[in-house]
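J.: A predicted structure for the sequence below; I have some questions about it.
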Amino acid sequence: MGKSDMRKNKKDSGNGQDNEIMPGIEKMRHDLHKDSKPKKTGSKKDITEELEVEELESEIEVLRDELKECKNVEDEYIDRIKRLQADYDNYRKRTIKEHLEHIKRANKDLISNLLPIIDNFEMAIEVGKKIGRTEGELFKGVKMIYNNLLELLKKENVTVMEPVGKEFDPRICEAAVTEAVDDIEEGRVLEILRKGYMIDDFVIRPAVVKVCKKS
């Protein structure tokens, strides 16, 4: 083999090695270039979603504050409604009580005007009994009117006081006469001289009575 052939074989051998090395170098260069680029912390989509989450959390916090404020306002209105309801109930009860008292006063005035008439009928009936005129039409008419008046008083819930035998009560009785009676306790009512009348616990006219008093 000549020198020229040896040089040719050497050149061909060198070209084969270059063909094997170059791709590796290019790959390393590509890898180095790739590694030298700054790494991203997140994609654009991830960043957008993170911002949206933060915004939603902020909105939720605002809504929580608004809800708390609304709850406070609701409690305030409920408290005001309860106070108004209590005021209305008190007003209604007071109005009803005043109305009933007004009716009682009006009834008292009317009945007070009727009582002297009833007294006269009672005296007329007693006189008729004493003189024996209980069978005549006049007496029967007087008795009928008297009974009608008593029915009227009953419908108005008017009652006749019955203090005889009880301790004298100045709230419902007037002592006109006193008398000493040995076997009766002092301060007891002995006799009714004029009837007294009441509506429930409301005195229309006090009873005029005779009271026992020890000398």
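T.: Cool, got the structure.

J.: Which strands or helices does the helix or strand harbouring Arg94 pack on?
T.: In this assignment (DSSP states H and E), Arg94 forms part of helix 44-130. Other elements packing on helix 44-130 under the criterion 3 or more C-beta pairs under 8 Å, 6 or more residues apart in numbering; DSSP states H and E are helix 137-155, strand 197-199, strand 202-205. In short, each C-beta sits where N, CA and C put it, glycine included.

J.: wait, which of these is closest to Val177?
T.: strand 202-205 (18.0 Å; C-beta to C-beta).

J.: Relative to the helix or strand just after the closest one, what are the paired strands and their orientations?
T.: Along the chain past strand 202-205, the next helix or strand (assigned with DSSP H and E) turns out to be strand 207-212. Sheet neighbours of strand 207-212, with direction, are listed as strand 173-179 (parallel), strand 189-194 (antiparallel) (DSSP bridges).

J.: ok so, going back, what angle separates the helix holding Arg94 from strand 189-194?
T.: Using axes from the mean of the first three to the mean of the last three C-alpha atoms, to 10 degrees, the inter-axis angle of helix 44-130 relative to strand 189-194 is 90 degrees.

J.: Helix 44-130: how far from the chain's middle?
T.: The chain centroid and the centroid of helix 44-130 are separated by 6 Å under C-alpha atoms, centre = their mean, to the nearest Å.

J.: report the angle between the axes of it and helix 137-155?
T.: Angle, helix 44-130 to helix 137-155, by the same axes, to 10 degrees: 160 degrees.

J.: avg pLDDT for helix 44-130?
T.: In this model, helix 44-130 carries a mean pLDDT of 86.

J.: Which residue is the nearest non-sequential neighbour of Cys188?
T.: Actually, residue 188 is Arg. It isn't Cys. Here the nearest residue to Arg188 in space, its sequence neighbours aside, is Cys212; by C-beta to C-beta, 6 or more residues apart in numbering that works out to 4.8 Å.

J.: Report the contact partners of the one you found.
T.: Thr178, Glu179, Ala180, Val181, Ile184, Glu185, Glu186, Gly187, Arg188, Val189, Leu190 (C-beta atoms under 8 Å, 6 or more residues apart in numbering).
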